[in-house]
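A.B. asks: Quick check, what structure comes out for this input:
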Amino acid sequence: MKYTGLLPEVQPDNMELELPLPYWKFGEVRDGRKVVDPILQYGCYVLGYHNQEIIDYVYNTMKYNKPEIGEHFMPKTDTLRLNHLSFQLADRVREISGMNSFYALSGSDANEGAVKLACAYQFQKENYHKKTIVGFLDSYHGSTNLTGSIGHDNFMDDPFYTLDPNPSVKRIPRDTSKFGEVDWDSVAAIVIETCAYGGDMTPPSAEFWASLDEIRKKHDVIIIIDDIFMGGGKSGTYLGWENMNIRPDISTMGKAITGGFFPLSMVLFNDKIRDALPKNFNWEHGFTYCFSLPGVASAVKYLEILERDKLLENHDSIVERATKIFEDAGYTVFNRFGLHYKIRKQHDSWLEKHFYVVPIAADDEYFEALEENLQWFTQNTTH
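C.D. replies: Residues are numbered from 1 along each chain as shown. Sure thing, here's the model as predicted:
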């Protein structure tokens, strides 16, 4: 069939589309050869592309439950009703993290909500002068004007055309020597990724986190950790930052938390934030499907699978096996965070770089395909 109008300029008139390739659990099948998806669709499908258990659970949940819209009701004329799964997920997240949570649809949505929550905290503390949001160069936090402004320069070059970057944002290098150039008394929050994949994927050092913690204590700045890309089990723990030298006031998650099957993101916040807000706090964040029942259901089932199958206990052995396969194929692992790999291969003056997200459910079939793919690529690439 031929279509027009979906992708202006990119899609020619009457463009004939190719059918999707057949797929297997961790990628595609090309000419009868299993090909791994190196990034698992941006790190969402860490259990693979065909988890019937999650699909069936969501189907049955939707079949027998009326979806409720989480944050919207008319006072005195309506009753706020949430599906029990929303409370169940919040309780489970509290058990894991010790933090409170609310839900959204996308990472952009969650990060924008996190910033709003930090500013609500500052307002309640009567820190009315704290209006600046500090982000770091070579990061990515979303595609809205606010979250795009916090991140990388590239996201403000073309996508927003005549729209200026958000004036509340100040972006600085990941260099503690530059921290003295910031008026921290005017800063409401710092937004930083657990580990920035947009740069060279070098995790912040213990000294870096200690500096941020000192700023938090001295200036009452809220630390927001964007754990969307690194969380959900890819670091060996559900929370990507759990084994690092920092504990955020607010954290965001997404992508892998539903196994990739349905949209959902979450904002986690500690009791310091919760206790600062009034009981009648008028929370103005969220969209029509902010407590998406399919997303909540898949997140609940995903957590159940992690615990039941003890998948996180396999993290170290998966790292060891993947690292050996990359090295045996002639690649150097020049950076790694959990199951996120940056690898490169040097042939004289030719330098080849790759980014891989290894699934947390990687099995013999995956590793055999990975090894074969690397060998095939070496044999069929001219340098």
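
A.B. asks: Wait, Ile222 touches Ile250, no?
C.D. replies: Yes: taking contacts as Cβ atoms under 8 Å, Ile222 lies within contact range of Ile250: 6.3 Å. To be clear about C-beta, it is placed using only N, CA and C from the backbone, and glycine gets the same treatment.

A.B. asks: Can you pull the domain assignment for this structure?
C.D. replies: Domain assignment for the chain by automatic domain parsing gives 2-36+310-378, 53-308.

A.B. asks: before we move on, back to that, check the contact lists of Ile222 and Ile250 and give me the overlap.
C.D. replies: By Cβ atoms under 8 Å, 6 or more residues apart in numbering, Ile222 and Ile250 have these common neighbours: Ala118, Ala189, Ile273.

A.B. asks: starting at the chain centroid, how far to the top helix by length along the chain?
C.D. replies: The helix that spans the most residues within the chain, counting by DSSP state H, is helix 107-124. Averaging C-alpha positions (Cα atoms, centre = their mean, to the nearest Å) puts helix 107-124 16 Å from its chain's average.

A.B. asks: Would you mark the buried spots in it?
C.D. replies: Buried residues in helix 107-124, counted by 16 or more other Cβ atoms under 10 Å: 107-122.

A.B. asks: Also stretch 49-68?
C.D. replies: Residues Tyr49, Asn51, Ile54, Tyr57, Val58, Thr61 are the ones in stretch 49-68 that count as buried (16+ other Cβ under 10 Å).

A.B. asks: what do you get for stretch 129-144?
C.D. replies: In stretch 129-144, counting by 16+ other Cβ under 10 Å, buried: Lys130, Thr132, Ile133, Val134, Gly135, Phe136, Asp138, Ser139, Tyr140, His141, Gly142, Thr144.

A.B. asks: Looking at these, which is nearest Pro278?
C.D. replies: Using Cβ to Cβ, Lys130 comes nearest to Pro278 of those, at 18.2 Å.

A.B. asks: For the closest one, give me its contacts.
C.D. replies: Going by Cβ under 8 Å, 6+ apart, the list of residues near Lys130 reads Cys119, Gln122, Asp185, Ser186, Val187, Ala188, Asp220, Val221.

A.B. asks: And the helices in the stretch 1-150 of the chain?
C.D. replies: In the stretch 1-150 of the chain, the helices defined using DSSP state H, counting those that start in this stretch lie at 40-43, 52-64, 84-97, 107-124, 145-150.

A.B. asks: And the third one, what's buried?
C.D. replies: So that's helix 84-97. The neighbour-count check on helix 84-97 (16+ other Cβ under 10 Å) flags Leu85, Ser86, Leu89, Ala90, Arg92, Val93, Ile96, Ser97 as buried.

A.B. asks: just how off-centre is that helix within its chain?
C.D. replies: With Cα atoms, centre = their mean, you get 19 Å for helix 84-97.

A.B. asks: oh, and call the first residue 6 from now on, that's how I've got it
C.D. replies: Sure, I'll start numbering at 6, so the last one becomes helix 89-102.

A.B. asks: Touching it from outside, list them.
C.D. replies: Contacts to helix 89-102, defined as Cβ under 8 Å, 6+ apart, come from residues 66, 70, 73, 75, 104-108, 243-244, 256, 271, 273, 296, 298, 301-302, 304-305, 308.

A.B. asks: can you rerun that using 6 Å?
C.D. replies: With Cβ atoms under 6 Å, 6 or more residues apart in numbering as the test, helix 89-102 has contacts from Ser106, Tyr243, Leu244, Leu273, Phe296, Val301, Ala302, Ala304, Val305, Leu308.

A.B. asks: Over to the first one?
C.D. replies: Where contact means Cβ under 6 Å, 6+ apart, the residues beyond helix 45-48 that reach it are Phe234, Lys260, Val362.

A.B. asks: Nice, that's everything, thank you.
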